[in-house]
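*Asks:* Show me how the following folds:
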Amino acid sequence: MENKERCLLVAIQLPNEDEYDIEELGLLVEAADGIVISSITQNRQGIDSRFYAGQGKIEEIAAYVKELEIDTVVFNDELSGSQIRNIEEAVDAKVIDRTNLILDIFAKRALTKEGQLQVELAQLKYSLPRLVGLNKNLSRLGGGIGTRGPGEQKLELDRRRIKEKISDIQNELSELEKVRETKRKKRMKDQVPVISIVGYTNAGKSTLLNALVEIEYSEEEAENKKVFAQDMLFATLDTELRRVRLPGGRRVVFSDTVGFIKKLPTQIVEAFKGTLEEIKYADLIIHLIDINDENLQLHKETTAKLVEKIVDKDIPVLTVYNKIDKIINDKVTTVSTNDIIYISAKNKFNMDLLLNTVDVKINGEKHKYSLKIPNKDIKEYYWLYENRHTESVEFDGEGANLNTVLYDNEKEQYKKYITGEVNG
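*Replies:* Got it, this is the predicted structure:
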């Protein structure tokens, strides 16, 4: 087992700011393969320009570093290059901030070419105004948390070369955006609705996508289409798209986006703008929430605000509370409505209700009818067979007899073929 970096967490609480979440910072450290040894907190009226925390608190941190053999001090906020340098000199340990920590996790998790480029772009934009402090960090203390990925090599470049590299990456991402735009236009041309799954990191978005895949495909196909899902912050970064057939038979695309988090670094939001903007083109947004989240309301608001920044039009939102299999508070209401669904993606509980609700939100109400389609219009049958739920198909010399689901807005189109409505 490799030696994990021993980390000391530092959180400063300022007036009129959301209460810091030291536990979340610890989970971020664990996601970066560090180990939390201890934590220090402080209430302050303002930030110290030299040391971020007060001089007395810095001396306390230095004592902790020496006594507990701390490798890395992690601050729950963004620091300037000079603050990093000053604190490191005072405490004699590597110092990283929340932004660098999140970027480090992203560097580990990005698997696709686009994801890796987006992370590298964010790292370079973060490092550019901090070159002096960060270069000293690297040369004096070596690698580890906060120095992973392409960023480690690029920090040794001068400002001009970093700016050139940023420009090159932006050009590459523009080309990849053109590919995504082409695919998006094809989906729109084919009238394939898109449902974006958004939520706070570790709400279970990838688990939900996998549950949908398992419902849609055979066991062998499903295994090939599943995405990585694990109980940790930012388990997956890359946007994943999966086609699923709704109960009425219409095919839609479910999109799994990168998880949101409080104080999501602006570098990440900017670098991942292309993939995050996929949400803008959604026909429906599923806001997935961990019902057992101790900071449920804050995390719900954080996600809603980030979506609001990205989306510039009204898109229907379906609120879905996940992980009800782990619910411990028996006073929590779990009665689903048209706009709020309670599920367990892990156990596939209420997935049928979720899909039916999505179907109604996207397509409206539906009913089942008996149809008789003559041979001269047989192409109508083949279209229904591919795109709607059909059953009891029989062919005679005159054409096709079948039962099929029709959405209310398309009933008129098939009125001349309808011979009756089917109950159930």
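*Asks:* doesn't Gly249 make contact with Asp359?
*Replies:* No. Contact status for Asp359 versus Gly249: not in contact, 9.3 Å apart, counting by Cβ atoms under 8 Å. Quick note: C-beta positions are derived from backbone N, CA and C, even for glycine.
*Asks:* Skip ahead from the helix ranked longest in the chain and say which helix or strand is next.
*Replies:* Across the chain, the longest stretch assigned as helix under DSSP state H is helix 159-189. Going down the chain from helix 159-189, the next helix or strand is strand 194-199, by DSSP states H and E.
*Asks:* Just the CA coordinates for that next one, please, in CSV.
*Replies:* Extracted C-alpha coordinates of strand 194-199, given in CSV (Å, rounded to 0.1, in the frame of the first residue of the first chain):
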residue,chain,number,x,y,z
VAL,A,194,-32.4,14.9,-24.3
ILE,A,195,-32.8,14.5,-20.6
SER,A,196,-29.8,16.0,-18.6
ILE,A,197,-29.1,14.5,-15.1
VAL,A,198,-27.6,17.2,-12.9
GLY,A,199,-26.8,17.2,-9.2
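*Asks:* Which strands or helices does the longest helix of the chain pack on?
*Replies:* Applying 3 or more Cβ pairs under 8 Å, 6 or more residues apart in numbering; DSSP states H and E, we find helix 159-189 packed against helix 113-127, helix 273-276.
*Asks:* hang on, Leu252 packs against Gln191?
*Replies:* Just to correct that, residue 252 is Val rather than Leu. No. Between Val252 and Gln191 there is no contact under Cβ under 8 Å: 10.2 Å.
*Asks:* neighbour count winner among those two?
*Replies:* Neighbour tally, Val252 and Gln191, criterion other Cβ atoms under 10 Å: the higher count belongs to Val252, 23 against 9.
*Asks:* my read is that one is in a helix, agree?
*Replies:* No. If the criterion is DSSP: H, G, I helix; E, B strand; the rest coil, then Val252 is strand and not within a helix.
*Asks:* Begin at 225 from now on, thanks
*Replies:* That works, and once the first residue is 225, the last one we named lands at Val476.
*Asks:* Please give me every residue in contact with the residue lying closest to Pro489 once chain neighbours are set aside.
*Replies:* Leaving aside its chain neighbours, Pro489 sits nearest to Thr323 (4.2 Å; criterion: Cβ to Cβ, 6 or more residues apart in numbering). Neighbouring residues of Thr323 by Cβ atoms under 8 Å, 6 or more residues apart in numbering: 302, 350, 489, 491.
*Asks:* Can you check what angle separates whatever helix or strand Thr323 lives in from helix 337-351?
*Replies:* For Thr323, the element it lies in under DSSP H and E is helix 322-333. Here helix 322-333 runs at an angle of 160 degrees relative to helix 337-351 (axes from the mean of the first three to the mean of the last three Cα atoms, to 10 degrees).
*Asks:* buried ones in helix 322-333?
*Replies:* 322-333 (16 or more other Cβ atoms under 10 Å).
*Asks:* where's the dip in pLDDT among those?
*Replies:* Minimum pLDDT across these is recorded for Arg333, with 80.
*Asks:* And stretch 295-314, end to end?
*Replies:* 14 Å (Cα to Cα, to the nearest Å).
*Asks:* in it, what's buried?
*Replies:* Neighbour-count burial for stretch 295-314 [16+ other Cβ under 10 Å]: 295-305, 307-312, 314.
*Asks:* And for stretch 583-598?
*Replies:* In stretch 583-598, counting by 16+ other Cβ under 10 Å, buried: 583-587, 590, 592-593, 595-597.
*Asks:* could you give the mean pLDDT of that stretch?
*Replies:* The model assigns stretch 583-598 a mean pLDDT of 94.
*Asks:* quick one: contacts of it?
*Replies:* Everything outside stretch 583-598 that qualifies as a contact, by Cβ under 8 Å, 6+ apart, is 417, 419, 470-472, 474, 476, 507-508, 540, 542, 562, 604-605, 608, 622-633, 635, 638, 641-648.
*Asks:* And the strands in this protein, which stretches?
*Replies:* In the chain, the strands defined using DSSP state E lie at 229-237, 258-267, 296-299, 318-321, 418-423, 464-469, 475-480, 508-514, 541-546, 564-566, 590-598, 614-620, 623-631, 642-646.
*Asks:* do you know how far Thr581 is from Asp321?
*Replies:* Distance from Thr581 to Asp321, counting by Cβ to Cβ, to the nearest Å: 41 Å.
*Asks:* Compare the two (neighbour count), which wins?
*Replies:* Asp321 (25 against 22).
*Asks:* Roughly how far does that one sit from Ser304?
*Replies:* Distance from Asp321 to Ser304, counting by Cβ to Cβ: 9 Å.
*Asks:* wait, what's in contact with Ile246?
*Replies:* Neighbour list for Ile246: 233, 235, 263, 265, 300 [criterion: Cβ under 8 Å, 6+ apart].
*Asks:* buried subset of those residues?
*Replies:* Neighbour-count burial (16+ other Cβ under 10 Å) applied to the contacts of Ile246 gives 233, 235, 263, 300.
*Asks:* which one of those is nearest Asp536?
*Replies:* For these, the closest approach to Asp536 (Cβ to Cβ) belongs to Asn300, at 31.2 Å.
*Asks:* Could you check the pLDDT of that closest one?
*Replies:* Taking Asn300 on its own, its pLDDT is 88.
*Asks:* go on, Ala624?
*Replies:* pLDDT at Ala624 comes out at 93.
*Asks:* Leu341 now?
*Replies:* You'll see Leu341 listed with a pLDDT of 89.
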